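**Q** Sharing a model that was predicted from the sequence below.
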Amino acid sequence: MVENLGATGGETQERVRAIAPAPAALPSAALRVPTTLPSPLPADIGFLVRFGFSPVTLQVFAAEAKACGQPAARLMVARGLIDQALYSRFLASHLGIADAGALTIDPQVVLADALRQGWFRAQTGTGDRVLVLSSFSPVVRVLLEGSLADQKQHLRLMDEHRFTESLRESFASAIALQAATSVPLAESARAGLSRGQWLAVGLLLIVLIAGLALRPAETILLGPMLLGPMLLGLVFLASTGLQLLTSLAGAPRQAPVAEAETAGLPVYSVLVPLYREAGVVQGLVEALSKLAYPPEKLDCLLVVEAHDAETQAAIARLRLPPYMRMFIAPAGTPHTKPRALNAALGFARGELVVIYDAEDRPEPDQLRKAAALFRTLPQDVVCLQARLAIDNVDDSWLTALFAIDYAALFDVTKAGAARLGLPVPLGGTSNHFRIDVLRRLGGWDAWNVTEDADLGLRLARHGYRVADLASTTFEEAPNRLRPWLNQRSRWLKGWMQTVISHARQPVAAFRQLGVGGFAAAVAQSLSVILGALGAPVFLTLLAARLAFGNGFGEGSALHLAADVLIVVLVAGGLATVILAAVLGMRRRGLLRLMYHLPLLLIYQFLVSVAAWKALWELLRKPYHWHKTEHGTALRRASGNPFSSAGVSRTDCRAKTPGSSR
């Protein structure tokens, strides 16, 4: 990156030559440095000759920009030949436009319009009304062509970073409010239980109290029988059937998709929410720097909370690539990851957007794969879920079981559900979206602490589909019990919020999802919650039946039905869990962990503990976010792309290397 270059020709030109790539090393082998200039330089960089830039170098970048389908100035900034602030200074000098100093943005300005069009109205400290332009605004192109010359005294110029920062600071309160309320109240967890849901809970309590008062013996004997083997049993049976279907469906068969030339690739935004992540920021930036995507078409936002000074300072100490920037989410409530993402979503400039977590290590070609797949899919497929895998498998027995859990979930269950066209509750990271639809739906529910699962169901209810992306993002699993328990209880609390939100209008949900989608959503949602909460109750009832009952198949018809259901559930449930786990381990190359399978019973018991903890927290502090600590892994597998030699990303036409897995 060129920094602090002078404005005089000779000195500047020598400095540019010192940092610019030599002609023979320029990215595209097909390009040759011309000895003459066959065509005029683009207006957005041609004036740089005045400031000492070599016409030959500019001509080469102009040719590259044409091949990449991007403005030449943006290409030069993205490649690090000149930084934004210096380019803006040279541009302002060339156009004869004053730099924007202290100013107040006009209250009539609409934030979304200003970001889209690259200009806004403002008032200077002396009271002059001016039009403030971003250095990449379309209006600048008009100025460079010689139009609006008589209006220059009313114009001010800012580099793109200062432009967006000015808007963020000026609209901080509005951004915070929008981020918290972007999802309609009827679809959000912030509404809590509806009147109808409170009525249902009240009626259930009345029936229970009346039963205990009028028929205490029958209520005590038959109540658990109906609640356990019959009611919970039916939910578990539906869940078992769904698990079997998704396991047999297998992963979607994705034929190789031809990658587009860089000119055809869309601008891709990457949002990474960070909170108290100072210790892992450097590794994150290194991992994102290995994404094999043209830098001029990358837009990476590191989203940091306003009060997280430690993470902000850690980012400020790094030399971020030109396409990477820190975005400070305005202070507000609730203090959750989805609220921070909503705040940043309006500032993302890509057509596609992906979410990564602080510890994520995506395969380098993941964005190219996603862009290529989106191009071939119908427009109603608005999200791709990449596969998540654990790369600190060998830290402890807990991380090994977590790895088995993720292999079954992402390589089998979610992939199978996507292939069957069923609702897919998303994972918390590596979700790739068409950004226009995501914005139209309000982004994420800021009040739901498992916002990913909620968004997956909300997409399905609005008629959109999720597809599987056969690319891996490597994650770090908690290797100690307490962090694991806090993380799992947050996930389960969010699932409870999700069920409450989507069960407010069950008839509408049935119409939106259809019979199959509704059944799958109910089986997915209730089985996660009731399965975790009810497993200890169910097993206790089963033990009591065996210890104190009349024996299998004896007694009333109700007892017989319950006994049959118990056998089916235990056998079927165990078989499908093991099937998904073994298939996942096979696809993920983790069959060496087979000896951990008996420990899944202990793992499920811990899930039940987390579920009861989640229920208690739902009643006491429903929107509290248990922060997962990252950077504690004892060892992360050396085979993931983060530890590889890296990928050259300077060649517009270069094809992405094959996946490392």
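**A** Done, it's in.
**Q** Could you count how many residues lie near Thr576?
**A** Residues lying near Thr576 (other Cβ atoms under 10 Å) number 22. Yep, even glycine has a C-beta here, placed from its N, CA and C like the rest.
**Q** How many residues are close by the closest residue to it other than its chain neighbours?
**A** Once flanking residues are discounted, Thr576 sits nearest to Gln243: 4.2 Å by Cβ to Cβ, 6 or more residues apart in numbering. Neighbour count of Gln243, defined by other Cβ under 10 Å: 25.
**Q** got a list of what Gln243 touches?
**A** Going by Cβ atoms under 8 Å, 6 or more residues apart in numbering, Gln243 touches 413, 576-577, 579-580.
**Q** if you set the cut-off to 7 Å instead, what comes out?
**A** 413, 576, 580 (Cβ atoms under 7 Å, 6 or more residues apart in numbering).
**Q** State the phi and psi torsions of Leu131.
**A** Main-chain dihedrals, Leu131, degrees, to the nearest 10: phi -110, psi 120.
**Q** And the helices in the stretch 401-550 of the chain?
**A** 414-420, 435-440, 451-461, 481-502, 506-548 (DSSP state H, counting those that start in this stretch).
**Q** Point out where the stretch 251-400 of the chain drops to low pLDDT.
**A** Along the stretch 251-400 of the chain, the model assigns pLDDT under 70 to residues 251-262.
**Q** try 90 this time
**A** 251-264, 279 (pLDDT under 90).
**Q** Break down it into its helices, ranges please.
**A** Secondary structure of the stretch 251-400 of the chain, counting by DSSP H, counting those that start in this stretch: helices at 281-289, 309-316, 337-345, 366-376, 397-408.
**Q** Need the ones you listed in a markdown table (columns: mean neighbour count and distance to Lys621).
**A** As requested, the helices of the stretch 251-400 of the chain are exported to a markdown table (neighbours: other Cβ atoms under 10 Å; distance: least, Cβ to Cβ, whole Å):
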| stretch | mean neighbour count | distance to Lys621 |
| --- | --- | --- |
| helix 281-289 | 20 | 29 |
| helix 309-316 | 16 | 24 |
| helix 337-345 | 26 | 16 |
| helix 366-376 | 21 | 36 |
| helix 397-408 | 22 | 25 |
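**Q** With distance to Trp625 added, can I get those in a markdown table?
**A** Formatted as a markdown table, the helices of the stretch 251-400 of the chain follow (distance: least, Cβ to Cβ, whole Å):
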| stretch | distance to Trp625 |
| --- | --- |
| helix 281-289 | 20 |
| helix 309-316 | 16 |
| helix 337-345 | 7 |
| helix 366-376 | 27 |
| helix 397-408 | 20 |
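**Q** coming back round to it: so for Ala102, which of the helices of the stretch 401-550 of the chain sits nearest?
**A** Nearest of those to Ala102, taken as Cβ to Cβ: helix 435-440 at 31.5 Å.
**Q** burial of the nearest residue to Ala73 once chain neighbours are set aside, as a residue count?
**A** In space, and not counting its chain neighbours, Ala73 is closest to Asp44: 4.1 Å by Cβ to Cβ, 6+ apart. If you count neighbours by other Cβ under 10 Å, Asp44 ends up with 22.
**Q** what's the answer for Arg141, then?
**A** Neighbourhood size, Arg141 [other Cβ under 10 Å]: 14.
**Q** any idea which helix or strand carries it?
**A** Applying DSSP states H and E as the criterion places Arg141 in helix 138-144.
**Q** average model confidence for the following helix or strand past that helix?
**A** Note on helix 138-144: by DSSP H and E, the next helix or strand toward the C-terminus is strand 155-158. Summarised as a single mean, pLDDT over strand 155-158 is 91.
**Q** Touching strand 155-158 from outside, list them.
**A** Residues outside strand 155-158 that contact it (Cβ under 7 Å, 6+ apart) are 88, 91-92, 97-100, 130-135, 166.
**Q** Export the residues you listed to a markdown table and append columns for secondary structure and neighbour count.
**A** Shown next, in a markdown table, are those (DSSP: H, G, I helix; E, B strand; the rest coil; neighbours: other Cβ atoms under 10 Å):
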| residue | secondary structure | neighbour count |
| --- | --- | --- |
| Ser88 | helix | 28 |
| Leu91 | helix | 24 |
| Ala92 | helix | 20 |
| Ile97 | coil | 21 |
| Ala98 | strand | 14 |
| Asp99 | strand | 13 |
| Ala100 | coil | 21 |
| Val130 | strand | 19 |
| Leu131 | strand | 16 |
| Val132 | strand | 25 |
| Leu133 | strand | 26 |
| Ser134 | strand | 26 |
| Ser135 | coil | 25 |
| Ser166 | helix | 19 |
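**Q** circling back to that earlier point, quick one: which of the contacts of Gln243 is nearest Arg620?
**A** Nearest to Arg620 out of the contacts of Gln243 is Thr413 (Cβ to Cβ; 31.1 Å).
**Q** sorry, back to before: the residue nearest to Ala73 is in contact with Arg74, isn't it?
**A** No: here Asp44 lies out of contact with Arg74, judged by Cβ atoms under 7 Å, at a distance of 8.3 Å.
**Q** the domain parsing of this structure - what is it?
**A** Taking automatic domain parsing as the criterion, the chain consists of the domains 1-82, 98-170, 175-661.
**Q** Just say which of these is most tucked in.
**A** Highest mean neighbour count among the domains of the chain (mean count of other Cβ atoms under 10 Å): domain 175-661, with a mean of 19.
**Q** Distance of Lys414 relative to Leu384?
**A** 11 Å (Cβ to Cβ, to the nearest Å).
**Q** OK, contacts around Val280?
**A** With contacts taken as Cβ under 7 Å, 6+ apart, Val280 has the following neighbours: 358-359, 630-631.
**Q** Just send the residues you listed back as CSV, with distance to Pro598 too.
**A** Below are those laid out as CSV (distance: Cβ to Cβ, whole Å):
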residue, distance to Pro598
Ala358, 33
Glu359, 29
His630, 30
Gly631, 31
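**Q** if I look at Gly101, how far off is Pro266?
**A** 36 Å.
**Q** hang on, the earlier thing: mind checking which of the helices of the stretch 401-550 of the chain is nearest Leu298?
**A** Closest to Leu298 of the helices of the stretch 401-550 of the chain is helix 435-440 (Cβ to Cβ; 14.2 Å).
**Q** which residues touch that closest one?
**A** With Cβ under 7 Å, 6+ apart as the test, helix 435-440 has contacts from 269, 345, 348, 350-353, 382, 464.
**Q** Take those and write them to TSV, including distance to Arg586.
**A** Conversion of the contacts of helix 435-440 to TSV gives the following (distance: Cβ to Cβ, whole Å):
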residue	distance to Arg586
Ser269	35
Leu345	38
Ala348	37
Gly350	36
Glu351	36
Leu352	31
Val353	32
Val382	31
Tyr464	31
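**Q** Cross those residues against strands and list the overlap.
**A** 269, 352-353, 382 (DSSP state E).
**Q** Quick check, Ser188 in contact with Gly443.
**A** No: contact between Ser188 and Gly443 fails when scored by Cβ under 7 Å: they sit 11.3 Å apart.
**Q** From the centroid of this protein, which residue is nearest?
**A** By Cα atoms, centre = their mean, the chain has its centre lying nearest to Ile355, at 2.4 Å.
**Q** Identify the residues contacting that one.
**A** With Cβ under 7 Å, 6+ apart, Ile355 has these contacts: 271, 341, 429, 431.
**Q** Next, find the distance separating it from Leu242.
**A** Using Cβ to Cβ, one obtains 26 Å as the distance from Ile355 to Leu242.
**Q** for Asp308, same thing?
**A** For Asp308, the distance to Leu242 equals 40 Å [Cβ to Cβ].
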